[in-house]
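A.B. asks: please work out how this folds:
(2 chains)
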2 protein chains.
Amino acid sequence: MEIQFKDGLVPVIVQERRNRDVLMLAYANAEALELTRTTGYAHYYSRSRQKLWKKGEESGHVQRICRILVDCDEDAILYEVEQTGAACHTGHASCFYRTVEGEEIAGLVFDPEKVYANKGE
Amino acid sequence: MEIQFKDGLVPVIVQERRNRDVLMLAYANAEALELTRTTGYAHYYSRSRQKLWKKGEESGHVQRICRILVDCDEDAILYEVEQTGAACHTGHASCFYRTVEGEEIAGLVFDPEKVYANKGE
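C.D. replies: Model (predicted):
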């Protein structure tokens, strides 16, 4: 398997194993993918902060890896996870909580003010 | 809702509504997204062929749109679809048919030789 990193990154779809919700889309570099495989917890590369991060390092909302899948072209990855807490920094279980028309389809599962001391994850 | 296109494109996760499998990751430009919304069938922008395409235009394996979701940062989209045939040009239902270790987790649902006259979709 030869993962195709583009500008050093590969997009990662994250799916909750239990209810199969798509939780988020993020990016990994080779180091983040390697740490994800060796530690069993999801790591990413933040394009805005330009650094490696472990999901939940601040919030405690970690993602335990169940399986890592690769697509046919080897240029996209899927982390199948069990999410602790919620994936989205807004307090929603999934980052995909709105339709393109702007309708909210899911409520909050936590209060982000109480979970994040400083914003940005 | 102000979709954040990067270099004119936004990544699109595609999920089958019925079994909730993640089918593929592709990209849309503004025109592809607009066509998807107005026609009710998934359209994308091919980075390799540098053109708009309707999924299934050659194979007949179209994706009927059930819902379009947008993530918290408005820089990723999810098409919830009902897939006709299979999403992957290899003949697998989903493009994510292998683990990162190389194990195939799903079989073929069609013979790509019989479906695609010329390859490349």
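A.B. asks: for the helix ranked longest in chain A, list the C-alpha coordinates in CSV.
C.D. replies: In chain A, taking DSSP state H as the definition, the longest helix is helix A:30-39. Coordinates of each C-alpha in helix A:30-39 appear next as CSV, following Å, rounded to 0.1, in the frame of the first residue of the first chain:
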residue,chain,number,x,y,z
ALA,A,30,2.9,10.5,7.2
GLU,A,31,3.9,11.1,10.8
ALA,A,32,0.2,11.5,11.9
LEU,A,33,-0.7,8.3,10.1
GLU,A,34,2.2,6.4,11.7
LEU,A,35,1.3,7.6,15.2
THR,A,36,-2.3,6.7,14.6
ARG,A,37,-1.3,3.1,13.6
THR,A,38,1.2,2.7,16.5
THR,A,39,-0.8,4.3,19.3
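A.B. asks: now that helix: buried residues?
C.D. replies: Within helix A:30-39, the residues scored as buried using 16 or more other Cβ atoms under 10 Å in any protein chain shown are A:32, A:33, A:35, A:36. Placement of C-beta: from N, CA and C, glycine included.
A.B. asks: those residues: which ones sit near chain B?
C.D. replies: Contacts with chain B within the buried residues of helix A:30-39, as defined by Cβ under 8 Å from any Cβ of the partner chain: residue A:33.
A.B. asks: strands along chain A, start to end?
C.D. replies: A:10-16, A:22-28, A:43-46, A:51-54, A:63-70, A:77-83, A:98-99 (DSSP state E).
A.B. asks: may I see those arranged in JSON lines, with distance to residue B:8, mean pLDDT and mean neighbour count as well?
C.D. replies: As requested, those are exported to JSON lines (distance: least, Cβ to Cβ, whole Å; pLDDT from 0 to 100; neighbours: other Cβ atoms under 10 Å in any protein chain shown):
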{"stretch": "strand A:10-16", "distance to residue B:8": "16", "mean pLDDT": "98", "mean neighbour count": "23"}
{"stretch": "strand A:22-28", "distance to residue B:8": "18", "mean pLDDT": "98", "mean neighbour count": "24"}
{"stretch": "strand A:43-46", "distance to residue B:8": "22", "mean pLDDT": "98", "mean neighbour count": "21"}
{"stretch": "strand A:51-54", "distance to residue B:8": "27", "mean pLDDT": "98", "mean neighbour count": "15"}
{"stretch": "strand A:63-70", "distance to residue B:8": "26", "mean pLDDT": "98", "mean neighbour count": "20"}
{"stretch": "strand A:77-83", "distance to residue B:8": "23", "mean pLDDT": "98", "mean neighbour count": "22"}
{"stretch": "strand A:98-99", "distance to residue B:8": "22", "mean pLDDT": "98", "mean neighbour count": "18"}
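A.B. asks: if anything else comes up later, I'll come back, but that's it for now.
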